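Colleague: Sequence and computational prediction follow.
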Amino acid sequence: MELFVREKYLKKIRGFYDDVETIKIITGVRRCGKSCLMETVRRELIALGVDERNIIFLDLDKKGYRKIKTADGLEELIDSFAVANGTKYLFIDEVQNVKDFEEVVNGYRSEGEYSIFLTGSNSYLLSGELATKLTGRYVEFELFPLSFDEYLEMKAFYNKPMNANLLVELNNYLQEGGFPKVMQYENFVDKRIYINAVIDEIFAKDIKARLKIRYMEVFNSVRNFVINNFGATFSINSLRDALKKNGIAIKPQTLTRYIEALEQAKILYKCDRFDLRSKRALMGEKKYYLADTSFYFALNTDNRINFGPALENMLYVYARSMDYSVSVGRIGNLECDFILRDNELNYAYVQVAYTIIDKATEDREYAPLEAIKDSYPKYVLTTDYLQQKRGGIQHLNVLEFIKNHARF
């Protein structure tokens, strides 16, 4: 089967292909493409001339491997492969199926002959147990569902019908989401059924299995409330008050536990707020974005799109996929949608809006950026094709910007 190559992630991993001292862990929400990414790495290694005998690829969810549940069983399985001289490449998918897998993996790492790649349940791989047992000798590569640029590229790759109008494709992307398998379904109802199945799988395997939830209705209400209000600013206390108005009483510590579970399962991403005048993070108040906007539409019968938070969410996923750290900025009473920082500690400030065609909206979007006095680049991103020129701030079309893999 021909696989769509997610180049933006592969180029992050390539420098570690032959690193036998560091375990490579691919994380991300379930069904976002971790297994396919690992398979792409395997194929690249073969293309580079690696002896196929030295590539051990184990999908522990597949028939024949599902009985491997113990550390001894995993070690015996790995040792059963006849390998040649030179570096061995060990890929283990769904590694959390094996109890105490960390000791086995660390044992092969310490031999200095195995370059190891892992994927698995997010809530487990990101827990303190991994860090403790592998003594920090790993690097995490976080994978997201398809960003808008990848969505367009994957449709072209698989010859799916595509509208020349990017606004139509934006609507499709926001509602269908970026889970790669969704593209296999032609019917929108089928796509939605699949997303609901993904939500159920995440809950069963990444949340319920590790978190004791006494009141399922309360947990589901919290989950649905946060998903329905993605992109909004709230603290645990304000969220608790909002839930209380909807007839849901919950203790702050329980609410915190539920939110953290949704974060660990990579359904939600927390975006901290930063005061640009005091240069300090603001305690309590956060924004939460979704790994994929399809979660919102799968849980709602209303198909109307609130483009404000939806475009923010799209840009958040894109920026994270491009390795930017992201926070929300506050300047007095004004708020800057995003402060972005790259790996070289360069900053950029970004405002996102559907359009600034009217003067009041234009003034509102430019005001936070004009209040920032440093010299880092500032952007207003909209779906407008007619760009405004104002005060050295760059006004760009957000759809073309992402489509072209642009950096800030």
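Modeller: Thanks, I have the structure now.
Colleague: Residue 289 is in contact with residue 272, isn't it?
Modeller: No. Using Cβ atoms under 8 Å, residue 289 makes no contact with residue 272, being 11.8 Å away. Backbone N, C-alpha and C define where each C-beta goes, glycine included.
Colleague: Which one of the two is surrounded by more residues?
Modeller: residue 289 (21 against 15; other Cβ atoms under 10 Å).
Colleague: Next up, the contacts around the more buried one.
Modeller: 230, 231, 268, 269, 271, 312, 313, 316, 317 (Cβ atoms under 8 Å, 6 or more residues apart in numbering).
Colleague: Of the residues you listed, which pair is most distant in space?
Modeller: By the measure Cβ to Cβ, 268 and 312 form the most distant pair in these, at 14.0 Å.
Colleague: circling back: looking at the contacts of residue 289, which one is closest to residue 108?
Modeller: Checking those against residue 108 by Cβ to Cβ gives residue 269 as the nearest, at 32.2 Å.
Colleague: Low-confidence regions, the stretch 51-200 of the chain specifically.
Modeller: Applying pLDDT under 70 to the stretch 51-200 of the chain flags the ranges 126, 128-130.
Colleague: Walking through it, point out its strands one by one.
Modeller: For the stretch 51-200 of the chain, applying DSSP state E, counting those that start in this stretch gives strands covering 55-59, 88-93, 114-119, 138-142.
Colleague: So which of those strands is nearest residue 246?
Modeller: Nearest to residue 246 among the strands of the stretch 51-200 of the chain is strand 138-142 (32.6 Å), distances taken as Cβ to Cβ.
Colleague: Can you list the neighbours in contact with the closest one?
Modeller: So strand 138-142 is contacted by 9, 12-13, 16, 22-28, 126, 130, 320 (Cβ under 8 Å, 6+ apart).
Colleague: If we use 7 Å, what do you get?
Modeller: With Cβ atoms under 7 Å, 6 or more residues apart in numbering as the test, strand 138-142 has contacts from 9, 12, 13, 16, 22, 23, 24, 25, 26, 27, 28.
Colleague: farthest pair in these?
Modeller: Largest separation among the contacts of strand 138-142 by Cβ to Cβ: 22 and 28, giving 18.9 Å.
Colleague: neighbour-wise, which of those two wins?
Modeller: In this view residue 22 and residue 28 are compared by other Cβ under 10 Å, and residue 28 has more residues nearby, 20 against 14.
Colleague: Look up phi and psi at the nearest residue to that one once chain neighbours are set aside.
Modeller: Nearest non-adjacent residue to residue 28, counting by Cβ to Cβ, 6 or more residues apart in numbering: residue 143, 3.6 Å away. Main-chain torsions, residue 143, degrees, to the nearest 10: phi -110, psi 140.
Colleague: Next, count neighbours for residue 143.
Modeller: Residue 143 is flanked by 20 other residues according to other Cβ under 10 Å.
Colleague: buried set for stretch 350-367?
Modeller: Residues 350, 351, 352, 353, 354, 356, 362, 365, 366 are the ones in stretch 350-367 that count as buried (16 or more other Cβ atoms under 10 Å).
Colleague: Not counting its own residues, what contacts that stretch?
Modeller: 307, 311-312, 315, 334, 336-338, 340, 368-369, 379-384, 388, 390, 393, 398, 408.
Colleague: Span of that stretch from start to end?
Modeller: 12 Å (Cα to Cα, to the nearest Å).
Colleague: now do stretch 391-405
Modeller: Distance across stretch 391-405, first residue to last, is 25 Å (Cα to Cα).
Colleague: returning to what we had before: filter the contacts of stretch 350-367 down to the buried ones, PyMOL style.
Modeller: The buried residues among the contacts of stretch 350-367 can be selected in PyMOL (16+ other Cβ under 10 Å) with this line:
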select buried, resi 307+311+312+315+336+337+338+340+368+369+379+380+381+382+383+384+388+390+393+398+408
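Colleague: out of the contacts of stretch 350-367, which are inside helices?
Modeller: Counting by DSSP state H, the part of the contacts of stretch 350-367 found in helices is 307, 311, 312, 315, 368, 369, 398.
Colleague: ok, so of those residues, who is nearest residue 245?
Modeller: Closest approach between these and residue 245, by Cβ to Cβ: residue 312, at 24.5 Å.
Colleague: what about the helices in the stretch 101-250 of the chain?
Modeller: Secondary structure of the stretch 101-250 of the chain (DSSP state H, counting those that start in this stretch): helices located at 101-110, 122-125, 128-133, 148-157, 166-176, 188-202, 216-228, 236-245.
Colleague: out of the ones you listed, which comes closest to residue 264?
Modeller: Of all the helices of the stretch 101-250 of the chain, it is helix 122-125 that lies closest to residue 264, at 4.4 Å by Cβ to Cβ.
Colleague: got the CA coordinates for the closest one in CSV?
Modeller: C-alpha atoms of helix 122-125 as CSV (Å, rounded to 0.1, in the frame of the first residue of the first chain):
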residue,chain,number,x,y,z
ASN,A,122,-0.5,8.4,25.1
SER,A,123,-1.7,8.4,28.7
TYR,A,124,0.8,5.6,29.5
LEU,A,125,3.8,6.7,27.4
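Colleague: related to what we said a few turns ago, will you turn the strands of the stretch 51-200 of the chain into JSON lines that also has mean neighbour count?
Modeller: Supplementary listing: these in JSON lines, determined by neighbours: other Cβ atoms under 10 Å:
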{"stretch": "strand 55-59", "mean neighbour count": "19"}
{"stretch": "strand 88-93", "mean neighbour count": "24"}
{"stretch": "strand 114-119", "mean neighbour count": "24"}
{"stretch": "strand 138-142", "mean neighbour count": "17"}
